[in-house]
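S.K.: Test case, fold it:
(one chain, ligands or ions: 1)
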Amino acid sequence: MNKGFKLAAAVLCATVLGACGKGGADGQAAKNEAITVGFSQVGAESEWRTANTRSVKEALAAPEFNLKFSDAQQKQENQIKALRSFIAQGVDVIAFSPVVESGWETVLREAKAANIPVVLTDRGVDVSDDSLFVTLIGSDFVEEGRRAARWLIDDSKDSTGPVRIVELQGTVGSAPAIDRMAGFKEVIGQDPRFSIVRSQSGDFTRAKGKEVMEAFLKAEGRDGIDVLFAHNDDMAIGAIQAIEEAGLKPGEDIRIVSIDGVRGAFEAMKAGKLNATVECNPLLGQQLAQIIRDVHAGRPVPKRVVVEEGVFTREQAATELPNRKY
Ligand code: AHR
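M.R.: Residues are numbered from 1 along each chain as shown. This next block holds a predicted model:
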């Protein structure tokens, strides 16, 4: 399967209004001068995030780039502080992956006033004025939720009875949690056999995924859960531990579908404990670097760049595992 990226052609092409930064509005980036990029990362909450950080650092390397990297430890206030510090330092471009969707207007206006273009990677923001950022590079999270639900419907084609689902949500207020939930519900909502009996945040971490799954099992009983939908693989892997500790067989007694497609998920699928994973590609670094070059040089860039992804089942795990890059 081709894991390449594609530019979403159907979306509006941004004219990069007021976003040329120090590269110059005449489209001429200063040659041989490093582009200073302030990058604020969400944190280190998952295998996905670790791969994403590695990809960004590798792509935004010296001598072409002067990267100022900041880890927000999953806190919006830390990201706002980092963004303000990048503005104060007069970086050429700010790139960040927002922890949550809302609450960005003020700081993004400050960046715009300082004529520093902002590139969003991975996650989007909810702002009234979309000229506050140049572009968003990342996955279609709604579609990922739909893909998880479609896999489940297909996997349940021989069952007539009710299918009781528990959902482990990602970080409250984050774009992937909001969108994956919406996409999943949209599809299962069309089939009366399916119902979500419990839904709670596990904050995208293994530890929380385990903790919340333990609570689900306690509340619903050993026989009360048919399926787990986890918004990421790490939470699913944590939940697998909880299911095993409860004396049940993950992948059999409780079917599990999650999102990301990290190596740990492929190993769990190979062991038969996870049924399917929907790919969410974290290797955004090279694409981000190219967007930054374009923005810095004053060239127009698409307003939205969507990453191409697939779905993998446990039947494919052993063959696919050696090909995984994260
Ligand atoms: O924003 C992408 C999500 O964030 C990934 O699915 C998850 O693993 C990460 O923490």
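
S.K.: need the strands for this structure, in chain order.
M.R.: 13-14, 35-41, 65-71, 93-96, 118-121, 135-138, 163-169, 194-201, 227-230, 255-260, 276-279, 301-302, 304-306, 311-313 (DSSP state E).

S.K.: close to the ligand, is the fourth one?
M.R.: By that I understand strand 93-96. No - counting by CB under 6 Å from any ligand atom, the ligand is not contacted by strand 93-96; separation bottoms out at 12.0 Å. Glycine gets a C-beta too; all of them are placed from N, C-alpha and C.

S.K.: Run me through the strand neighbours of that strand, direction for each.
M.R.: With DSSP bridges as the test, strand 93-96 is paired with strand 35-41 (parallel), strand 118-121 (parallel).

S.K.: Those strands into TSV, with extra columns for mean pLDDT, mean neighbour count and distance to the ligand?
M.R.: Putting the strands paired with strand 93-96 into TSV (pLDDT from 0 to 100; neighbours: other CB atoms under 10 Å; distance: least, CB to the nearest ligand atom, whole Å) gives the following:
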stretch	mean pLDDT	mean neighbour count	distance to the ligand
strand 35-41	98	23	10
strand 118-121	98	24	9
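
S.K.: Output those strands as TSV; include the columns distance to residue 270.
M.R.: Supplementary listing: the strands paired with strand 93-96 in TSV, determined by distance: least, CB to CB, whole Å:
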stretch	distance to residue 270
strand 35-41	30
strand 118-121	30
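
S.K.: bridging residues for residue 227?
M.R.: When assigned by DSSP bridges, residue 227 has beta-bridge partners residue 165, residue 255.

S.K.: Pull up the gap between it and the ligand, please.
M.R.: According to CB to the nearest ligand atom, to the nearest Å, residue 227 stands 19 Å off from the ligand.

S.K.: wait, doesn't that residue sit right on residue 163?
M.R.: Yes - if you go by CB atoms under 8 Å, residue 227 and residue 163 touch, sitting 5.9 Å apart.

S.K.: between the two, what contacts are shared?
M.R.: Common neighbours of residue 227 and residue 163, counting by CB atoms under 8 Å, 6 or more residues apart in numbering, are residue 152.

S.K.: Spatially nearest residue to the residue in the stretch 51-200 of the chain that the ligand sits nearest to (excluding sequence neighbours)?
M.R.: Residue nearest to the ligand within the stretch 51-200 of the chain: residue 176 (4.3 Å; CB to the nearest ligand atom). Spatially, and ignoring its direct neighbours in sequence, residue 176 is nearest to residue 141 (4.6 Å; CB to CB, 6 or more residues apart in numbering).

S.K.: Many thanks, have a good one.
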